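> using only what follows, build the 3D model:
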Amino acid sequence: MTTTASTPAPAADSRALGLAHYAARGVLEHVLARHGVTFQEQIVLRAAVTADAPQTPDDLVTQVRASLKAAPAGIRTTLDDLLAKNLLVADGAHIRATDAGRELLATVGAETAPISARIWGGLPAEDLAAAGRVLTQVTERANAELAALTT
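Predicted structure coming up:
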């Protein structure tokens, strides 16, 4: 929906957040599919690549679970898939990204950068800052509610 001076922007709510998330994720998944990688594989691979220290499989599962709220068994399957694709490799008790895994993330980043620029470009900095503050609060509150539901 395009808003003008005579048509106010709709209030942000869970539906608007979900629609924005799935629209952006759809773009990313389209790019990932060209490389034979799923969204969850990309998230696990990115966690391994960007880690400050070597990660064990349990470390990666914990980190990805905190982000995606996915079941540990599914994340472990994804880890196994990335190992089978030689995008990750076992290095003793740790998992690290291979050169191919790092190159894949770089390629996906390069392919999505111009699309992201078109999506985010031209949005006023103050709007982005306000949205960032709101999304941070929503994430914190939703995480607290989820924690309360699962304890």
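
> compute the number of surrounding residues for Arg25.
Arg25 sits with 12 neighbouring residues when counted by other C-beta atoms under 10 Å. (Each C-beta comes from the backbone N, C-alpha and C, glycine too.)

> skip the chain neighbours and tell me the closest residue to it.
With sequence-adjacent residues excluded and distances taken as C-beta to C-beta, 6 or more residues apart in numbering, Arg25 is closest to Phe39, at 6.4 Å.

> and the one you found, what does it touch?
Arg25, Leu28, Glu29, Leu32 (C-beta atoms under 8 Å, 6 or more residues apart in numbering).

> residue contacts, Pro72?
Contacts of Pro72 (C-beta under 8 Å, 6+ apart): Val61, Arg65.

> now stretch 11-22: mean pLDDT?
Stretch 11-22 shows a mean pLDDT of 92.

> longest helix anywhere in this protein?
helix 125-149 (DSSP state H).
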